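> Below is the structure, and that's it, no one-letter string:
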């Protein structure tokens, strides 16, 4: 038998049991040449993609299969300015707010890597403010739909009952993501202000938080096209 | 990635790109959103509506993933691991579309068939 000196003798004994399991999975086997935090965020985002896809595919299924006409979405989400009803205005404003928040977030990442943590923190605060205003507008939209239009998760006077369930499920889950994102961004911004990352000089946390935030924007792009404009 | 090697170089995994690029993408996203809004505003219907909405949606998604999330500067191993699994969803979409059309046809056959051929069932859910 051929001897493998490196495999057998030279390396220290491998830990066994649970410690061994952890060691085997975490030792030198590296596929992604990024930090573990960033890789984990990406993997989380892939799983979240599947969650949102399930909602959107469910929406597609009930919308195709219902025999009752789908409500005129454009009218349902119109906004009255004076006496003129502008279709989709609220949704358009919300879309632009979220895109702008993505822009400021990208700039925050830029300044974080330049180690200008003040600027980065302020830009993250602006991003969080955009996010908060998005959620507020969504609350306004929900209130309008529930109180004025009488839409419920189990029915809708505007048309097919499935409109209500799809709407509350999809936008509700997205709004929850935005809310969580605002808290996440505020936390990181606070830590930037405090100078927590100054010593290590590693500001990748901003990029990772940014990944999450851009993903929330990305999901909205799909909801905007598939739910509101379809 | 090499814009500021002295400051960010010790953390080479950091993504460093000029701010003008982000501003350009920001502007593009605004334009694309406005265009897709206009599709609704001018009430374009039919195949053209589908095509435009999907096209603008994918363009916006591509810009956000590619530039804002820095995907185009990542290594291929990561890109494949992230972008390939969601492609399975195409199969799921196809299956559910067939299923939904079948449900629709079944509802049409059973809920609205003339009473002579089929015992008329009350139209309702479930």
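Yes, it's here. Since we're looking at a predicted model, the values are computed, not measured.
> next helix or strand past the helix or strand bottoming out on mean pLDDT in chain A?
Ranked by mean pLDDT, DSSP states H and E, the weakest helix or strand in chain A is helix A:5, scoring a mean of 48. With elements assigned by DSSP states H and E, the helix or strand that comes after helix A:5 is helix A:17-26.
> List the buried residues of the very next helix or strand once past that next one.
Downstream of helix A:17-26, the first helix or strand assigned by DSSP H and E is helix A:36-65. Neighbour-count burial for helix A:36-65 flags A:38-39, A:41-42, A:45-46, A:48-49, A:52-53, A:55-65 (criterion: 16 or more other C-beta atoms under 10 Å in any protein chain shown). Every residue, glycine included, has its C-beta placed from N, CA and C.
> and the longest helix anywhere in chain A, which residues are buried?
If you go by DSSP state H, chain A has its longest helix at helix A:162-194. For helix A:162-194, a neighbour-count test (16+ other C-beta under 10 Å) marks A:162-168, A:170-171, A:174-175, A:177-179, A:181-182, A:184-186, A:188-189, A:192 as buried.
> which secondary structure elements does it contact?
Helix A:162-194 sits against helix A:36-65, helix A:89-113, helix A:117-143, helix A:204-223, with contacts defined as 3 or more C-beta pairs under 8 Å, 6 or more residues apart in numbering or on different chains; DSSP states H and E.
> how about those in CSV, adding distance to residue A:15?
Formatted as CSV, the helices and strands packed on helix A:162-194 follow (distance: least, C-beta to C-beta, whole Å):
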stretch, distance to residue A:15
helix A:36-65, 20
helix A:89-113, 37
helix A:117-143, 39
helix A:204-223, 29
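> Out of those, the one nearest residue B:19 is which?
With C-beta to C-beta as the measure, helix A:89-113 is the member of these nearest residue B:19 (5.4 Å).
> For residue B:57, give its distance to chain A.
4 Å (C-beta to the nearest C-beta, to the nearest Å).
> related to what we said a few turns ago, as JSON lines, the helices and strands packed on helix A:162-194 with mean pLDDT would be great.
JSON lines is the format used below for the helices and strands packed on helix A:162-194 (pLDDT from 0 to 100):
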{"stretch": "helix A:36-65", "mean pLDDT": "95"}
{"stretch": "helix A:89-113", "mean pLDDT": "94"}
{"stretch": "helix A:117-143", "mean pLDDT": "95"}
{"stretch": "helix A:204-223", "mean pLDDT": "96"}
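> Reformat these as TSV; add distance to chain B.
Formatted as TSV, the helices and strands packed on helix A:162-194 follow (distance: least, C-beta to the nearest C-beta, whole Å):
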stretch	distance to chain B
helix A:36-65	4
helix A:89-113	4
helix A:117-143	11
helix A:204-223	5
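> and residue B:20, which of those helices is closest to it?
With C-beta to C-beta as the criterion, residue B:20 lies closest to helix A:89-113 of the helices and strands packed on helix A:162-194, at 10.4 Å.
> Nothing else from me, thank you.
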